[in-house]
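Student: give the three-dimensional model of this entry:
(one chain, ligands or ions: 2)
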Amino acid sequence: MLFALLANALRAVLALFGLHTEQRTLIIVGLDNAGKSTLLYKLRDGQVRSFVPTQRPVMEEVVVGNVTLKAWDLGGHEAVRTLWTQYELAADAIVFMIDAADRARLKEARSELERTVSLTADAGVPILILANKQDRQAAMRSAELEKLLDLANITCAESPLEGASPRVRLFEASLVSGTGFMEGLTWLVSQK
Ligand code: G3D
Ligand code: MG
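Tutor: Ligands and ions are numbered 1, 2, ... in the order given. Below you'll find the model as predicted:
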């Protein structure tokens, strides 16, 4: 019930995002297991599902109104890196998902984030970092994550003018308990 309500609200946010254009593309990237597929299908039909890892495709696509959502697993897939680079460059907005409870892979996530931020700097694509799985006790909160991800440094070359919104922002979220991602996505789609 809660998921259905949230999914409806999120779809309304996406509808606003695609309101004045024929087509907008939102890319969801991050390491595998961060929660991208969960977000994708939650947006599509308001349900949280389980996924069998061996059936996990490299790229998944869902269309909500005028907005196409594409999810990519980053890391490891060197062979398809050129392809997802093209998608990131063509995106209107990017969600970078992190499993906030997975300290062991934070360094790997950081290097993918750094690559994504620098790749999209010229195009000025807004990036929402979703620090997912905040329902888990081990989850790192935003202050710690921003420090460990070295967010200030990653984005230092593009400090916004005073009062302007930064291009990259981190929000705490839990897809399981339904917190945070609504605020994050609302911020993201209001950037362009
Ligand atoms: P991916 O598409 O980024 O690889 P998935 O990630 O969406 O397949 O999610 C990976 C696992 O994390 C799934 O568990 C999913 O249910 C779980 N997950 C997603 N969001 C949250 C969250 O907010 N909190 C918690 N605790 N778990 C979450 P399984 O067990 O199906 O592998
Ligand atoms: Mg997936």
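Student: pull up the distance across stretch 118-137, start to finish.
Tutor: End-to-end distance for stretch 118-137: 32 Å, by Cα to Cα, to the nearest Å.
Student: quick check, that stretch touching ligand 2?
Tutor: No: Stretch 118-137 does not reach ligand 2 (Cβ under 5 Å from the ion); its nearest approach is 12.4 Å. The way it works is simple: take the backbone N, C-alpha and C, and place the C-beta from them, glycine included.
Student: give me the buried positions along that stretch.
Tutor: 120, 125-134 (16 or more other Cβ atoms under 10 Å).
Student: report pLDDT for the residue of the chain found nearest ligand 2.
Tutor: Nearest residue of the chain to ligand 2, counting by Cβ to the ion: residue 37, 3.3 Å away. On the pLDDT scale, residue 37 is placed at 86.
Student: so which strand or helix has it?
Tutor: helix 36-45 (DSSP states H and E).
Student: same check, this time on residue 85
Tutor: Going by DSSP H and E, residue 85 is in helix 81-90.
Student: same deal with residue 71?
Tutor: strand 67-74.
Student: average pLDDT for that strand?
Tutor: On average, strand 67-74 scores 83.
Student: may I have the beta-bridge partners of the closest residue to residue 36 other than its chain neighbours?
Tutor: In this structure, residue 36 finds its nearest non-sequential neighbour in residue 71, 4.2 Å apart by Cβ to Cβ, 6 or more residues apart in numbering. Beta-bridge pairing for residue 71 (DSSP bridges): residue 28, residue 60.
Student: list the contacts of residue 71.
Tutor: 27-29, 36-37, 39-40, 59-62 (Cβ atoms under 8 Å, 6 or more residues apart in numbering).
Student: and the gap between it and ligand 1?
Tutor: Distance, residue 71 to ligand 1, using Cβ to the nearest ligand atom, to the nearest Å: 6 Å.
Student: remind me, longest helix of the chain?
Tutor: Ranked by number of residues, the top helix in the chain under DSSP state H is helix 2-17.
Student: the nearest residue to residue 9 once chain neighbours are set aside: neighbouring residues, count only.
Tutor: Leaving aside its sequence neighbours, residue 9 sits nearest to residue 182 (Cβ to Cβ, 6+ apart; 6.1 Å). By other Cβ atoms under 10 Å, the residues close to residue 182 number 15.
Student: so residue 182 touches residue 7, yeah?
Tutor: No: in this structure, residue 182 is not within contact of residue 7 by Cβ atoms under 8 Å, at 10.0 Å.
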